[in-house]
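S.K.: the amino acid sequence is not available; the structure is as follows:
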Ligand SMILES: Nc1ncnc2c1ncn2[C@@H]1O[C@H](COP(=O)(O)OP(=O)(O)OP(=O)(O)O)[C@@H](O)[C@H]1O
């Protein structure tokens, strides 16, 4: 079988626990992401999502294990991997437009200024920011607008991998909905690979091709990879009518509500722990365990 575009192999992260001991956040976690896929990761606070994200971004080194993108080992940050954090991380002294141009120029230093500006304006327009507003500095923009600028900046750079760490966490529901739609539109047009942390189940179902479910830590695991068997284009009001929607949603709620805790802290033996693939459609639930040496958790039937 050919390797996926992004390959996370036997990742282990340990931290000092502050009391002279050691905290194992996760051990031997392995999973892959295909090119062009939109993958969300769900799990309770503290299970290790941001740690995984930081390692994927090249901002942190794991205790052991490797991440490969396009067959090359990830080490250190790169323009091939764009990151959008919850706190926007815009340069406060530059206008929205200049923030995006700054990123474009970093990626394409040879582009003349007018080409970089036209490109930046194009991506700002894609997230609904046009006209005078693009000349405002971050402090003169609303939270939702700032987040749009961050997303425009990330997509304008065409990173091979876009890493989104709860990018809509601070937004009100209405703005969040609008930006989710915009994100889907841009992603649909660029075929970029997206890996996103969210705490919002409905957001994950709307956006993702697959949802990775993490158990609680320590010794957290990416226990399941749930396929979102709802065709695209998706739209937030119609998606709930799809016959698979509530079956998938119930499965996720059940995992986060009880199974993530039942499985918490269980040290599972194996040097390459891969998630079970879960496919839910009208016909029911099909699980495909990776067939390694460990015992796989049994799935509970949901949504009779
Ligand atoms: N630099 C560090 N030193 C020590 N412990 C750390 C460090 N970074 C993270 N941890 C611990 O590792 C665990 C995982 O943290 P992480 O931030 O990855 O969780 P998370 O799933 O992203 O949580 P949240 O959803 O709350 O952001 C936590 O127990 C945290 O306290």
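M.R.: That came through fine. Note that this is a predicted model, so its numbers are computed, not measured. Numbering: from 1, shown residues only.
S.K.: for stretch 211-228, the averaged confidence score.
M.R.: Averaged across stretch 211-228, the pLDDT comes to 93.
S.K.: residue contacts, the residue of the stretch 101-250 of the chain found nearest the ligand?
M.R.: As assessed by CB to the nearest ligand atom, the ligand sits closest to residue 217 within the stretch 101-250 of the chain, at 5.9 Å. Bear in mind the C-beta positions are built from the backbone N, C-alpha and C, glycine included. When contacts are counted by CB atoms under 8 Å, 6 or more residues apart in numbering, residue 217 touches 23-26, 46-48, 264-265.
S.K.: name the helix or strand for it, please.
M.R.: In the assignment (DSSP states H and E), residue 217 maps to no helix and no strand.
S.K.: ramachandran angles for it?
M.R.: In terms of degrees, to the nearest 10, the main-chain angles of residue 217 are phi -90, psi -180.
S.K.: returning to what we had before: will you turn the contacts of residue 217 into CSV that also has distance to the ligand, pLDDT and secondary structure?
M.R.: Listed next are the contacts of residue 217 as CSV, based on distance: CB to the nearest ligand atom, whole Å; pLDDT from 0 to 100; DSSP: H, G, I helix; E, B strand; the rest coil:
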residue, distance to the ligand, pLDDT, secondary structure
23, 6, 93, strand
24, 9, 93, strand
25, 5, 93, strand
26, 9, 92, strand
46, 4, 90, coil
47, 4, 92, coil
48, 4, 94, coil
264, 12, 79, coil
265, 12, 74, coil
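S.K.: what's the closest non-adjacent residue to the residue of the stretch 101-250 of the chain closest to the ligand?
M.R.: Of all residues beyond its chain neighbours, the one nearest residue 217 is residue 47 (4.8 Å), with distances taken as CB to CB, 6 or more residues apart in numbering.
S.K.: so how many other residues sit close to the one you found?
M.R.: By other CB atoms under 10 Å, the residues close to residue 47 number 24.
S.K.: repeat that for residue 96.
M.R.: With neighbours defined by other CB under 10 Å, the count for residue 96 comes to 26.
S.K.: now swap in residue 207 and tell me
M.R.: When neighbours are defined as other CB under 10 Å, residue 207 has 22 of them.
S.K.: residues near the spatially closest residue to residue 77 that is not a sequence neighbour, how many?
M.R.: Nearest in space to residue 77, with sequence neighbours left out and distances taken as CB to CB, 6+ apart, is residue 58 at 4.5 Å. Residue neighbour count, defined by other CB under 10 Å, stands at 18 for residue 58.
S.K.: name the nearest residue to residue 200, sequence neighbours excluded.
M.R.: Setting aside the residues directly before and after it, residue 200 is nearest to residue 168 in space (CB to CB, 6+ apart), at 7.7 Å.
S.K.: hang on, I meant residue 82
M.R.: Excluding its sequence neighbours, the residue lying closest to residue 82 (CB to CB, 6+ apart) is residue 159, at 3.5 Å.
S.K.: one more: residue 27?
M.R.: residue 12 (4.7 Å).
S.K.: now the helix or strand harbouring the one you found: buried residues?
M.R.: Residue 12 is part of strand 6-16, with elements assigned from DSSP H and E. Within strand 6-16, the residues scored as buried using 16 or more other CB atoms under 10 Å are 6-11, 13.
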